[in-house]
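Participant: I would like to see how this sequence folds:
(one chain, ligands or ions: 1)
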Amino acid sequence: MIQLHHVHLSYPGESTALSDVSLRISKGDFVFLTGPSGAGKSTLLKLLYADLKPTRGQVLIDGQNLAMLSKSQIPYLRRSIGVVFQDYKLLPTRTVLENVAITLEVLGWGKREIGQKVYQVLKRMGIADKVNAYPPRLSGGEQQRVALARALVNDPKILIADEPTGNLDDANKEEILSIFKEANVRGTTVVVATHDRRVIENSHRRVIRLEKGHVVEVVDEQK
Ligand SMILES: Nc1ncnc2c1ncn2[C@@H]1O[C@H](COP(=O)(O)OP(=O)(O)OP(=O)(O)O)[C@@H](O)[C@H]1O
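Facilitator: The predicted model follows:
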């Protein structure tokens, strides 16, 4: 479970990005985080994988206060969280296979198992033919799928995605969303930040709306 208790976040020398945010995301939930540009969506996601610490308040995952984690404990937390970054953050000089394999290498998987698992995930993402390609040679949609493959290859406890459907056409958006839903059905808690109204409306999931660093609306899952 993810809990935020009265979280405030101010960037050094800047105004407040999050102000008194409290929320609870249960295990197995699928939640959209929305709101205008600058509302604090990316900031909130960064708190969840301990890229930022709150200025005040607490962020807890399964009861663990993330601010209490030492530097050496943070990589362990991140092994259970798959992150799809807004700008993908793929390694340009590594192949698709190598980019996705990294997640499993740090977990100590053997080479053979890694090869099999990566191929299986890339196949699901529809990019198995790109296994030896380098990211700069891929389209935006293909890079997005590689980023998603890297985040999901070890069936993480939590999947965090920042604007994962930006720049994609409708067919690709649908496909990415169905991949999120499948991961969710397998037990992954999914938290997606998006501006995209259509994606939210078609999904019938819980929506948390931020404005100027405040939670202004929570709409529960609509069946
Ligand atoms: N590294 C940073 N240093 C200083 N201020 C920052 C930094 N990152 C974000 N901010 C500020 O914090 C506020 C919230 O930004 P954030 O990126 O979380 O918004 P967002 O809702 O994700 O926006 P977008 O939809 O445009 O990605 C904004 O006012 C932004 O300018």
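
Participant: what's opposite the closest residue to residue 41 other than its chain neighbours in the beta bridge?
Facilitator: If the residues on either side of it in the chain are set aside, residue 41 comes closest to residue 193, at 3.9 Å by CB to CB, 6 or more residues apart in numbering. For every residue, glycine as well, the C-beta is placed using N, CA and C. Note on residue 193: beta-bridge partners by DSSP bridges are residue 33, residue 162.

Participant: test my guess that residue 193 contacts residue 33.
Facilitator: Yes - taking CB atoms under 8 Å as the definition, residue 193 is a contact partner of residue 33 at 4.4 Å.

Participant: shared neighbours of those two, which are they?
Facilitator: Listed as contacting both residue 193 and residue 33 by CB atoms under 8 Å, 6 or more residues apart in numbering are 41, 44-45.

Participant: close to the ligand: what parts of the chain are there?
Facilitator: 11, 14, 17, 35, 37-43, 195 (CB under 6 Å from any ligand atom).

Participant: out of those, which are buried?
Facilitator: Buried by 16 or more other CB atoms under 10 Å: 17, 35, 39-43, out of these.

Participant: ok, which stretches of this structure are helices?
Facilitator: Per DSSP state H, the chain carries helices over the ranges 41-48, 74-79, 96-105, 111-124, 140-152, 170-185, 197-203.

Participant: what's in contact with the third one?
Facilitator: The one in question is helix 96-105. By CB under 8 Å, 6+ apart, the residues outside helix 96-105 that reach it are 82, 90-91, 94, 113-115, 117-118, 121-122, 127, 130-135, 138, 146, 149-151, 153-154.
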